[in-house]
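Enquirer: Quick one, structure for this:
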Amino acid sequence: MEKLRLGILGSRFVAHLHLSNYKNLRGKTMEVMAVAARTEKSARNFAKTFDIPKVHTGYEKLVQDPDVDVVDVCLPTDLHKEAIIASAEAGKHVICEKPLTGYFGRDVDEERVGDAVSREAMLQEAMKNCREVRTAIEANKIRFCYAEDWVYAPAFRKLKRLIEVSGGVVMDIRAEESHSGSHAAYSRRWKTSGGGSLARLGSHPIGAVLHLKHFEGQIRNGKPIRARSVTAEVGRHTQIPSYQKLSKKWLVSDWQDVEDWSCLIIEFEDLTKAVIFASDCVLGGTRNTIQVYLSNAVVYANINPNRALEVYAPDAAVLGDEYLVEKLETKAGWNFPSPEEDWDRGYPQELEDFIDAIREDREPLSGLDLAEEVVEAIYSGYLSAEKGQRVRLRDKTG
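Expert: Residues are numbered from 1 along each chain as shown. I've put the predicted structure just below:
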């Protein structure tokens with residue numbers, strides 16, 4: 001097959017991350033043909049940085065571009081659904097960042113929808129959005145790739161091999177993504193982010209845990225082990241009076257109507273459980289970790305931080321402008337820079353699989369089913385936290 005021609009929607013952090021990790025594919029299996037951003041200036045600056053020939057303002061023109069085969073959606077979460085559907089209806093394959101979609105309260109007059117709307121209504125609307133996305137993808141017979149990089153991370157893939165070779169039963173999983181708060185303005189409001197730490201950070205470990213239990217079920221019984229119910233708690237810890245009184249605040253604390261701390265427990269069909277933490281209240285750089293306790297082994301996958309490299313500096317200025325790790329507050333003291341952070345997190349492997357899957361007309365490792373199940377777990381978690389009780393998930397055996 002000829003090289004795929006890709007158009008990218010967005011010009012901010014995630015778009016930069018994706019373009020940086022297409023570098024080994026460009027000119028071989030794919031080309032980046034176009035970028036679309038909210039303003040022409042942003043699009044042109046991005047195009048100049050990454051040597052992209054065509055510029056569009058708004059996603060509508062890019063998805064209709066005859067020189068684009070694949071649309072990479074790197075937009076705020078509230079724009080995912082309409083961009084995916086428009087791309088599918090134009091016959092374009094889709095790569096989409098996490099989470100797939102959610103609830104955004106566009107029909108609600110209240111600005112702070114996170115304080116005004118029941119979680120039951122949010123869950124119903126989020127799943128309706130998922131169904132509409134699925135309908136568009138299946139009706140137009142395009143490939144959909146869900147950008148969950150954790151399942152491509154080398155440590156996670158090694159974890160899967162160790163589970164398989166051990167023959168052990170997965171008894172307990174504990175996973176976390178946490179840091180000191182997002183730099184993105186859209187993350188502060190439910191109307192643009194679709195939730196707080198549980199949706200924005202938790203989608204990674206939730207997706208990894210669901211994938212891992214699917215994998216265990218396939219190698220053990222030839223079918224995935226599905227999530228059966230969730231129990232959750234959420235909090236706004238940077239809003240507590242004692243924190244607000246501090247003169248020096250190291251954590252992002254200008255959240256409007258979204259949580260900055262969450263804990264989700266997933267119960268599976270085989271009665272095992274997984275605990276997921278997602279917090280914007282953790283200093284020391286990004287934490288991407290998963291711990292698996294087997295009946296005959298224990299495996300820790302430390303995507304971030306890891307100890308491949310350790311560095312100490314008595315003063316932050318010693319290390320100058322050298323990048324260490326994402327979301328690090330200071331370069332002083334001991335730090336654990338990853339020599340190849342994007343590789344360790346699975347980004348180039350993820351994008352290579354997506355391009356190959358589209359060219360070979362096959363399902364990627366991370367696709368629509370996983371994306372949809374993550375949304376259901378997140379919003380069922382919000383409902384659980386609101387009601388203070390366990391929430392049953394849909395039966396997927398039919």
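Enquirer: Strands along the stretch 1-150 of the chain, start to end?
Expert: Assigned by DSSP state E, counting those that start in this stretch, the stretch 1-150 of the chain shows strands spanning 4-9, 30-37, 54-57, 70-73, 93-97, 144-147.
Enquirer: Is Thr330 in contact with Pro314, as I believe?
Expert: No: in this structure Thr330 lies outside contact range of Pro314 using C-beta atoms under 8 Å: 11.6 Å. For the C-beta atoms, the positions are set from N, CA and C on the backbone; glycine is no exception.
Enquirer: wait, which of the strands of the stretch 1-150 of the chain is closest to Pro241?
Expert: Among these, the nearest to Pro241 by C-beta to C-beta is strand 93-97 (35.6 Å).
Enquirer: Report the angle between the lengthiest helix in the chain and strand 93-97.
Expert: Longest helix in the chain, counting residues (DSSP state H): helix 119-140. Here helix 119-140 runs at an angle of 150 degrees relative to strand 93-97 (axes from the mean of the first three to the mean of the last three C-alpha atoms, to 10 degrees).
Enquirer: Packing partners of helix 119-140?
Expert: Applying 3 or more C-beta pairs under 8 Å, 6 or more residues apart in numbering; DSSP states H and E, we find helix 119-140 packed against helix 80-89, helix 368-387.
Enquirer: distance between it and the chain's centre?
Expert: The chain centroid and the centroid of helix 119-140 are separated by 18 Å, computed with C-alpha atoms, centre = their mean, to the nearest Å.
Enquirer: in that helix, what counts as buried?
Expert: By neighbour count on 16 or more other C-beta atoms under 10 Å, the buried set for helix 119-140 is 119, 122-123, 125-127, 129-130, 133-134, 136-137, 140.
Enquirer: got a list of contacts for that helix?
Expert: 81, 84-85, 88-89, 91, 94, 100-103, 144, 194, 368, 371-372, 375-376, 378-380, 382-383, 385-387 (C-beta atoms under 8 Å, 6 or more residues apart in numbering).
Enquirer: which residues of the stretch 251-398 of the chain fall in strands?
Expert: Ranges of strands in the stretch 251-398 of the chain, per DSSP E, counting those that start in this stretch, are 261-268, 273-279, 287-294, 298-304, 311-313, 333-335, 391-392.
Enquirer: List the strands paired with the third one, with their directions.
Expert: Using DSSP bridges, the neighbouring strands of strand 287-294 in the sheet come out as strand 170-178 (antiparallel), strand 298-304 (antiparallel).
Enquirer: ranking those strands by burial, who's on top?
Expert: Of all the strands paired with strand 287-294, strand 170-178 has the most neighbours on average by mean count of other C-beta atoms under 10 Å, namely a mean of 21.
Enquirer: wait, doesn't Ala371 sit right on Val151?
Expert: No: counting by C-beta under 8 Å, Ala371 sits too far from Val151 to count as a contact (11.7 Å).
Enquirer: Buried only: go through the contacts of helix 119-140 for me.
Expert: Buried among those by 16+ other C-beta under 10 Å: 81, 84-85, 88, 94, 100-103, 144, 194, 368, 371-372, 375-376, 378-380, 382-383, 385-386.
Enquirer: State the pLDDT value of Leu324.
Expert: Note for Leu324: predicted pLDDT of 93.
Enquirer: before we move on, back to that, okay, the strands of the stretch 251-398 of the chain in CSV with mean pLDDT and distance to Trp255 next?
Expert: As requested, the strands of the stretch 251-398 of the chain are arranged in CSV below (pLDDT from 0 to 100; distance: least, C-beta to C-beta, whole Å):
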stretch, mean pLDDT, distance to Trp255
strand 261-268, 98, 10
strand 273-279, 98, 12
strand 287-294, 98, 19
strand 298-304, 96, 23
strand 311-313, 96, 31
strand 333-335, 94, 27
strand 391-392, 98, 24
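Enquirer: closest one to Arg161 among these?
Expert: Arg161 sits nearest to strand 298-304 of all these, at 10.1 Å, using C-beta to C-beta.
Enquirer: residues making contact with the closest one?
Expert: For strand 298-304, contacts defined as C-beta under 8 Å, 6+ apart pick out 150, 153, 155-156, 158-159, 162-163, 285-292, 325-326, 338, 341, 344-346.
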